[in-house]
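Q: Sequence first, predicted coordinates after that:
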Amino acid sequence: MHGRYRKDIYPGLEVAIILKKDQRTGKLTYGVVKDLLTSAPYHSRGIKVRLEDGQVGRVAEVGVGEDEE
């Protein structure tokens with residue numbers, strides 16, 4: 001599932017995000033959502049979140065773990 005709708009994303013959810021520095025390559029970073037930073041209900045490039053480790057990026061995939069790379 002893509003992370004374009006805010007209603008699908010909540011704190012504690014495992015996600016794959018694309019960091020700003022990785023936008024060209026599309027490299028995914030995995031983690032658990034701490035905060036939702038996009039207030040709009042929809043964003044075409046993905047809802048922006050902060051992970052528990054402090055990294056910020058846009059959600060590319062929802063409900064994935066690192067073992068699914």
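A: Great, that's in hand.
Q: From here on, just use CA atoms for contacts and neighbour counts.
A: Noted.
Q: Now do the most centrally placed residue in the chain against Ser39, distance only.
A: In the chain, the residue lying closest to the centroid (Cα atoms, centre = their mean) is Val59, at 2.4 Å. Distance, Val59 to Ser39, by Cα to Cα, to the nearest Å: 14 Å.
Q: could you pull out the strands for the chain?
A: 14-19, 29-36, 48-51, 56-62 (DSSP state E).
Q: Which secondary structure elements does the third one sit against?
A: Contacts defined by 3 or more Cα pairs under 8 Å, 6 or more residues apart in numbering; DSSP states H and E place strand 48-51 against strand 29-36, strand 56-62.
Q: ok, and which of those has the densest surroundings?
A: Sort the helices and strands packed on strand 48-51 by mean neighbour count, taking mean count of other Cα atoms under 10 Å, and strand 56-62 sits at the top with a mean of 22.
Q: which other residues reach that strand?
A: Here strand 56-62 makes contact (Cα atoms under 8 Å, 6 or more residues apart in numbering) with 1-4, 9, 13-20, 28, 45-50.
Q: hmm, 6 Å instead?
A: 1-3, 15-19, 46-50 (Cα atoms under 6 Å, 6 or more residues apart in numbering).
Q: related to what we said a few turns ago, who's the residue nearest to the centre of the chain bridged to?
A: Bridge pairing for Val59 (DSSP bridges) gives the partners Ile17.
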